[in-house]
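Novice: Sequence and predicted structure are below.
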Amino acid sequence: MNTTETIFSIEHAAIRFGPGALEEVGEEAKALSLTRVLLVTDPQVRRLPPFDTVQASLRRAGIEAVVFEQTAVEPTDLAMLEAARAAVEAKVDGFISLGGGSVMDTAKAANLFSTWPADFIAYVAAPLGEARPVPGPLKPHIACPTTFGTGAENTGIAIFDVTAAKVKTGIVSRRIRPTLGILDPTTLAHLPARVVAANGFDVLSHAIESHSARPFTARPRPASPALRPLTQGANPYSAIACLEAIRLTVRHLVPAVVDNDPEARRQLMFAGLLAGVGFGNSGCHLPHAMSYPVAKLVRAFRPEEWGGGKALVPHGMAVAVNAPAALRWLARAVPDRFRPVAAALGIADPQRHPGDAIAAALLSLMRQTGIPFNLTQLGFGEGDVAALASGALEQKRLIDNFPSELSRGDMEAIFRESLFQGL
Ligand SMILES: [Fe+2]
């Protein structure tokens with residue numbers, strides 16, 4: 001069949017949202033017939049009150065929990081296989097993840113490889129991997145974020161570094177989507193201000209990118225429903241969720257960061273959920289494609305809130321830093337796609353130059369929330385531009401979702417603009 005697509009899908013995990021939701025995780029696990037789970041977390045989260053809440057709730061429900069806490073920020077393929085081995089050894093019948101995106105993604109991969117063992121590269125997205133379809137359903141996975149905005153509780157995507165190839169890629173399959181997401185805003189009370197700021201920008205970018213992605217109608221209709229891509233492009237449902245996510249984030253980001261306002265943080269968590277459903281069904285594009293080489297090639301940026309030891313650029317910052325130039329560039333090519341985004345950002349006259357106005361609004365929010373607003377502040381220089389552009393051009397899954405074509409020269413020009421913007 002060679003007609004254009006006329007059908008879009010809406011898929012997401014079942015969700016519980018609200019203060020106190022984490023206390024119910026044991027009952028929820030019991031309802032899924034779980035008896036013995038791998039509780040995937042990391043060493044920081046293990047020391048925080050939400051971990052005790054989960055353990056107590058599981059104990060009350062009579063569910064055994066085997067703790068796996070060797071999850072790293074920016075997990076590797078090897079770390080994920082380690083978690084899968086732990087699941088096999090512990091003979092678990094389900095998974096509970098408690099932590100940020102890395103923890104939830106590690107649990108997805110552990111579930112996949114312990115249920116349907118294969119060489120790691122088998123399920124990895126092309127061109128690096130074989131993109132083999134997952135053969136059948138996985139075990140139940142309850143994802144409990146202790147941050148907000150990654151959308152990982154809702155997506156069929158797990159992101160990681162492939163150690164041998166030194167590249168960041170992912171596994172994309174609706175089979176790895178968690179069964180249930182439990183979003184309890186009280187877990188956000190402990191988040192440092194800059195973490196809230198970085199994650200807030202991740203939410204904003206998920207929403208803007210998913211809303212402005214290449215429309216689902218631009219793809220050919222697949223020969224069978226099973227071949228319909230998970231990230232299908234902008235669609236009527238993601239449009240509604242994403243515009244509301246943008247409005248909520250713009251309203252609540254500064255009080256959530258500057259005043260640690262619990263209501264503002266709750267609203268940001270909800271915005272993250274909306275944007276997560278949006279990008280889980282639509283998909284991101286340019287700012288996310290540009291974020292991966294920034295995260296990979298960093299040499300000199302060591303933010304204290306993320307440990308201060310290893311040089312790293314947190315995901316939300318890596319996305320935010322290129323977003324103003326990237327969106328300005330795309331909005332020049334397809335301004336109509338960005339006018340609703342500009343309106344949702346509160347821009348008074350979105351009809352005129354939406355790209356310039358969107359870039360200015362983002363830069364203003366970055367200054368107000370104290371996160372880096374150009375690549376120079378992250379330690380990059382002109383000599384990095386070619387390698388950054390090459391890294392972004394490797395992100396085929398995201399490039400397929402660009403709302404307009406970009407050449408290598410365009411990509412380098414956008415990185416160059418991002419070096420000094422806002423100065
Ligand atoms: Fe993201």
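Specialist: Perfect, I can see it now. These numbers were taken from a predicted model, which means no experiment stands behind them. Numbers count the residues shown, from 1 in each chain.
Novice: Spatially nearest residue to the residue nearest in space to the middle of the chain (excluding sequence neighbours)?
Specialist: Residue closest to the average C-alpha location in the chain (C-alpha atoms, centre = their mean): T150, at 3.7 Å. Spatially, and ignoring its direct neighbours in sequence, T150 is nearest to G101 (3.3 Å; C-beta to C-beta, 6 or more residues apart in numbering). No exception for glycine: its C-beta is placed from N, CA and C like everyone else's.
Novice: Wait, the one you found touches A152, no?
Specialist: Yes - counting by C-beta atoms under 8 Å, G101 does reach A152; the two are 4.3 Å apart.
Novice: Now list whatever residues contact both of the two.
Specialist: When contacts are counted by C-beta atoms under 8 Å, 6 or more residues apart in numbering, G101 and A152 have P145 as shared neighbours.
Novice: Now do stretch 200-210, average pLDDT.
Specialist: Per-region confidence: stretch 200-210 scores 97 on mean pLDDT.
Novice: can I have that stretch written out in PDB, keeping just the CAs?
Specialist: This file holds the C-alpha atoms of stretch 200-210, laid out as PDB (Å, rounded to 0.1, in the frame of the first residue of the first chain):
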ATOM      1  CA  GLY A 200      11.400  21.900  33.500                       C
ATOM      2  CA  PHE A 201      13.200  22.700  30.300                       C
ATOM      3  CA  ASP A 202      13.100  19.100  29.200                       C
ATOM      4  CA  VAL A 203       9.300  19.200  29.600                       C
ATOM      5  CA  LEU A 204       9.100  22.400  27.700                       C
ATOM      6  CA  SER A 205      11.200  21.000  24.900                       C
ATOM      7  CA  HIS A 206       9.300  17.700  24.800                       C
ATOM      8  CA  ALA A 207       6.100  19.700  24.400                       C
ATOM      9  CA  ILE A 208       7.400  22.100  21.800                       C
ATOM     10  CA  GLU A 209       9.100  19.500  19.700                       C
ATOM     11  CA  SER A 210       6.200  17.000  19.800                       C
END
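Novice: Now do the helices in the stretch 301-423 of the chain.
Specialist: 315-333, 335-344, 354-369, 385-393, 396-399, 408-420 (DSSP state H, counting those that start in this stretch).
Novice: Least confident of those helices, on average?
Specialist: Lowest mean pLDDT within these: helix 396-399, at a mean of 86.
Novice: Just list what it packs against, helices and strands only.
Specialist: When contacts are defined as 3 or more C-beta pairs under 8 Å, 6 or more residues apart in numbering; DSSP states H and E, helix 396-399 packs onto helix 286-297.
Novice: pLDDT averaged over the helix it packs on - what is it?
Specialist: Mean predicted lDDT for helix 286-297 stands at 95.
Novice: CA-only coordinates of it in PDB, if you can.
Specialist: What follows is helix 286-297, C-alpha atoms only, in PDB (Å, rounded to 0.1, in the frame of the first residue of the first chain):
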ATOM      1  CA  LEU A 286      16.000  18.900  16.600                       C
ATOM      2  CA  PRO A 287      16.800  20.100  20.200                       C
ATOM      3  CA  HIS A 288      16.900  16.500  21.400                       C
ATOM      4  CA  ALA A 289      19.100  15.400  18.400                       C
ATOM      5  CA  MET A 290      21.500  18.200  19.300                       C
ATOM      6  CA  SER A 291      21.500  17.300  23.000                       C
ATOM      7  CA  TYR A 292      23.100  13.900  22.600                       C
ATOM      8  CA  PRO A 293      26.500  15.000  21.200                       C
ATOM      9  CA  VAL A 294      26.500  17.800  23.800                       C
ATOM     10  CA  ALA A 295      26.100  15.200  26.600                       C
ATOM     11  CA  LYS A 296      28.700  12.900  25.000                       C
ATOM     12  CA  LEU A 297      31.500  15.500  24.100                       C
END
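Novice: Go ahead and measure how far it is from the middle of the chain.
Specialist: 13 Å (C-alpha atoms, centre = their mean, to the nearest Å).
Novice: cool, and stretch 122-137?
Specialist: 20 Å.
Novice: And the spatially closest residue to G308 that is not a sequence neighbour, its phi and psi?
Specialist: Computed as C-beta to C-beta, 6+ apart, the closest residue to G308 that is not its neighbour in sequence is R302, at 5.2 Å. The phi/psi pair for R302 (degrees, to the nearest 10) reads phi -130, psi 80.
Novice: mind listing what R302 touches?
Specialist: The neighbours of R302, taking C-beta under 8 Å, 6+ apart as the test, are G308, G309, K310, A311, L312.
Novice: Check the gap between it and I399 for me.
Specialist: Distance, R302 to I399, using C-beta to C-beta, to the nearest Å: 30 Å.
Novice: And S224, how close does it get to A387?
Specialist: 40 Å.
Novice: So for those two, which residue has more residues nearby?
Specialist: Neighbour totals were compared for S224 and A387, and A387 leads with 14 against 7 (other C-beta atoms under 10 Å).
Novice: max-length helix in this protein?
Specialist: Ranked by number of residues, the top helix in the chain under DSSP state H is helix 236-258.
Novice: Next secondary structure element downstream of that one?
Specialist: Along the chain past helix 236-258, the next helix or strand (assigned with DSSP states H and E) turns out to be helix 262-281.
Novice: What's the mean pLDDT across that following helix?
Specialist: Here helix 262-281 scores 95 as its mean pLDDT.
Novice: List the buried residues in that helix.
Specialist: 264-281 (16 or more other C-beta atoms under 10 Å).
Novice: Who are the packing partners of that helix?
Specialist: strand 14-17, strand 180-183, helix 193-212, helix 236-258.
Novice: between the last one and helix 193-212, how big is the angle?
Specialist: So that's helix 236-258. Between helix 236-258 and helix 193-212, the angle comes out at 160 degrees (axes from the mean of the first three to the mean of the last three C-alpha atoms, to 10 degrees).
Novice: what sits up against helix 236-258?
Specialist: 8, 10, 193-194, 196-197, 200, 203-204, 206-208, 210-211, 261, 263-265, 267-268, 270-272, 274-275, 277-279, 281-282, 340-341, 344-346, 361, 365, 368-370.
Novice: Tabulate the CA atom coordinates of that helix in CSV.
Specialist: What follows is helix 236-258, C-alpha atoms only, in CSV (Å, rounded to 0.1, in the frame of the first residue of the first chain):
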residue,chain,number,x,y,z
PRO,A,236,-4.4,15.9,17.2
TYR,A,237,-4.0,14.3,20.6
SER,A,238,-0.4,15.3,21.2
ALA,A,239,-1.3,18.8,20.1
ILE,A,240,-3.8,19.2,23.0
ALA,A,241,-1.5,17.7,25.6
CYS,A,242,1.6,19.6,24.5
LEU,A,243,0.0,23.1,24.3
GLU,A,244,-1.4,22.6,27.9
ALA,A,245,2.1,21.3,29.0
ILE,A,246,3.7,24.5,27.6
ARG,A,247,1.2,26.8,29.3
LEU,A,248,1.6,25.0,32.7
THR,A,249,5.4,25.0,32.5
VAL,A,250,5.6,28.7,31.7
ARG,A,251,3.3,29.5,34.6
HIS,A,252,4.9,27.3,37.2
LEU,A,253,8.6,26.9,36.4
VAL,A,254,10.0,30.0,38.1
PRO,A,255,8.1,29.6,41.4
ALA,A,256,8.9,25.9,41.4
VAL,A,257,12.6,26.7,41.1
VAL,A,258,13.1,29.9,43.0
